[in-house]
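**Q** Quick check, what structure comes out for this input:
(one chain, ligands or ions: 1)
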Amino acid sequence: MTQSMNRTRSAELYEEALKHIVGGVNSPSRSFKAVGGGAPVFMKQARGAHFWDADGNQYIDYLAAFGPIITGHAHPHITKAITSAAENGVLYGTPTELEIQLAKMLKDAIPSMDKVRFVNSGTEAVMTTIRVARAYTERSKIIKFAGCYHGHSDLVLVAAGSGPSTLGIPDSAGIPPSIAHEVITVPFNDLEALQEALEHWGDDVAAVMVEPIVGNFGMVMPKPGFLEGLCKLARANGSLVIYDEVITAFRFHYGSAQTYPGLLNHEAIQPDLTALGKIIGGGLPIGAYGGRKEIMEQVAPLGPAYQAGTMAGNPASIASGIACLEVLQTEGVYEEMERLAIKLADGLQASAQRHGIPLMINRISGAFSTHFCSHPVTNYEEAQDTDGEAFAAFFRHMLDQGILLAASKYEAWFLTTAHQAADIDQTLAAAEEAFRRMAAQ
Ligand code: PMP
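**A** Now for the predicted structure:
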């Protein structure tokens, strides 16, 4: 068990990839830069909750492709939907009936959305909600929260979390100051700071944008009253409220954060616009945004705010998304993911404690984050103030025992409908060994 896994082929592929693909990866979070560098694992096959890499090693997957793979890999119902979509032609450039079906499913689950538009990624969805909010309010500034990640469009890469913070790049190069000046960043869970910002920027603020439950500096719940206060303050200022639910929609229950039973007072926390992605495509590229009718009617062809997409609403992504949501409608799936997540999180906590390693776990339904620290994590500053080296050591000890986590202390562990009790037992045994090694160092 203490022997390191052989990942020679991954190392070779990484060398080769570096020659042709910038940084060897097609998204920076896939690199191992935040956990000490070196070759990431090149995966070759995935089924259910398991991966096989290019050297034939097997892993239990808690990455879930950074969120979308909530039913596990190659779920038969989703695979069938994708295959049959492919057989009928993957891209039409015309409307299709299936798009209406998925739009209705989203609206039924997230009632604040009167109208929906499909795009191709979470980045696009968020980017467009900002444009629409600006068009509707005829204002230009956006308030966001430190550490929340909203994709990689210019405006929201200011003090962004997730990938950029992991790599120690608070702002991306290539974003002109004139654009950064349109964004005001305040700490999450801090209504006073929000109020101050709104008082200062007043009539310039088009929207307040937030991950209503944070997934990008660990999983962080809004404090009681935070979202209510946010909505009230924004509206009193004539600003719109945008929820980025790219991670949270359909993650914790069949619905989104704005309807999550773990958050009370739903009427008082409804946003004007919502951005979606990840799970709603069942693993194929997708994004969507929606909101109040009169706001959404700003969008072309009805209104003056332009947004378009050659691939938007393509039949394969839509069919995959419908199939994924159908699986998630199965009785008891969220309860089972939560049951396994509780067992895993409690087991990790107890195991870390046995070895004297400080660990805080933020768990929400079937997802959680592991913070190597002794203080609660309720905002980005507290998430930064955790032991990144301890996380990196833990990550590598787990990887060596066939447990795949996201390679960043800010990312979550995701349970899927494919995880079984035996996976949890194996993961806990690996964690016990990982903590033992860390304590012995
Ligand atoms: N918003 C949130 C909350 C996200 O977590 C992400 C991606 N991790 C995005 C937006 C961007 O989505 P995509 O990577 O599909 O562009």
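**Q** Taking the stretch 101-250 of the chain, what residue is nearest to the ligand?
**A** Taking Cβ to the nearest ligand atom as the measure, the stretch 101-250 of the chain has G122 as its residue closest to the ligand, at 2.3 Å. (Glycine included, C-beta is placed from N, CA and C.)
**Q** residues in this protein within reach of the ligand, list them.
**A** Residues of the chain that fall close to the ligand, judged by Cβ under 6 Å from any ligand atom: 66, 121-123, 126, 149-151, 162, 211, 215-216, 244, 246-247, 277.
**Q** Tell me which of those fall in strands.
**A** Assigned to strands by DSSP state E, the following of these qualify: D244, G277.
**Q** most surrounded residue in the residues of the chain next to the ligand?
**A** Each of the residues of the chain next to the ligand was scored for neighbours by other Cβ atoms under 10 Å, and D244 scores highest at 33 neighbours.
**Q** Quick check: beta-bridge partners of that one?
**A** Beta-bridge partners for D244, by DSSP bridges, are A275.
**Q** ok, it touching C148?
**A** Yes. Distance between D244 and C148: 7.0 Å, which falls inside the contact criterion (Cβ atoms under 8 Å).
**Q** which residue is nearest the middle of this protein?
**A** The residue at the geometric middle of the chain, judged as the C-alpha nearest the mean C-alpha position with Cα atoms, centre = their mean, is I247 (3.4 Å).
**Q** Show the pLDDT at it.
**A** The predicted local distance difference test score for I247 is 98.
**Q** and the gap between the residue nearest to it when sequence neighbours are not counted and M221?
**A** Among residues not flanking I247 along the chain, G215 sits closest, at 3.7 Å (Cβ to Cβ, 6 or more residues apart in numbering). Between G215 and M221 the distance is 11 Å, computed by Cβ to Cβ, to the nearest Å.
**Q** ok, residues contacting whichever strand or helix holds A341?
**A** For A341, the element it lies in under DSSP states H and E is helix 333-354. Helix 333-354 is touched from outside by 70, 252-254, 327-328, 358-359, 361, 363, 365-368, 370, 413, 415-417, 419, 421, 424, 427-428, 431-432, 435, with contacts defined as Cβ atoms under 8 Å, 6 or more residues apart in numbering.
**Q** Would you mind listing which of the residues you listed are buried?
**A** For the contacts of helix 333-354, burial is judged from neighbour counts taken by 16 or more other Cβ atoms under 10 Å, and it is met by 70, 252-254, 327-328, 359, 361, 363, 365-368, 370, 413, 415-417, 419, 424, 427-428, 431-432, 435.
**Q** And for N26, the neighbour number?
**A** Here the neighbour count serves as a burial measure; for N26 (other Cβ under 10 Å) it reads 9.
**Q** same question, the one 10 residues further on
**A** By the other Cβ under 10 Å criterion, the neighbourhood of G36 contains 13 residues.
**Q** same deal with S178?
**A** Neighbours of S178 under the rule other Cβ under 10 Å: 7.
**Q** Next one: it from V90, what distance?
**A** Distance check for S178 against V90: by Cβ to Cβ, it reads 40 Å.
**Q** same deal with A421?
**A** Applying Cβ to Cβ, the value for A421 to V90 is 38 Å.
**Q** what is in contact with D244 and C148 at once?
**A** With Cβ under 8 Å, 6+ apart applied, the overlap between the contact sets of D244 and C148 consists of M209, V210, E211.
**Q** Closest to L302 out of those?
**A** The shortest separation between L302 and any of the shared contacts of D244 and C148 is 23.0 Å, and it belongs to M209 (by Cβ to Cβ).
**Q** is it true that that closest one touches E245?
**A** No. Under the criterion of Cβ under 8 Å, M209 is not in contact with E245, lying 11.3 Å apart.
**Q** which residues of the chain fall in strands?
**A** Counting by DSSP E, the segments of the chain that form strands are 43-47, 50-53, 58-61, 115-119, 141-145, 183-186, 205-210, 240-244, 273-277, 287-291, 360-364, 367-371, 403-404, 413-414.
**Q** neighbours of the closest residue to G37 other than its chain neighbours, just the number please.
**A** Taking Cβ to Cβ, 6+ apart as the measure, G37 lies nearest to S31, with 8.0 Å between them; neighbours along the chain are not counted. When counting by other Cβ under 10 Å, one arrives at 21 neighbours for S31.
**Q** out of the contacts of helix 333-354, which are inside helices?
**A** Residues from the contacts of helix 333-354 lying in helices, with DSSP state H as the criterion: V327, L328, A421, I424, T427, L428, A431, E432, F435.
**Q** quick one: contacts for the nearest residue to the last one once chain neighbours are set aside?
**A** Leaving aside its chain neighbours, F435 sits nearest to H355 (4.0 Å; criterion: Cβ to Cβ, 6+ apart). H355 makes contacts with F435, R436, M438, A439, as judged by Cβ under 8 Å, 6+ apart.
**Q** show me what contacts the third one?
**A** With contact taken as Cβ under 8 Å, 6+ apart, M438 is in contact with H355, I357, A390, A393, F394, H397.
**Q** can we see that at 6 Å?
**A** Taking Cβ atoms under 6 Å, 6 or more residues apart in numbering as the definition of contact, the neighbours of M438 are I357, A393.
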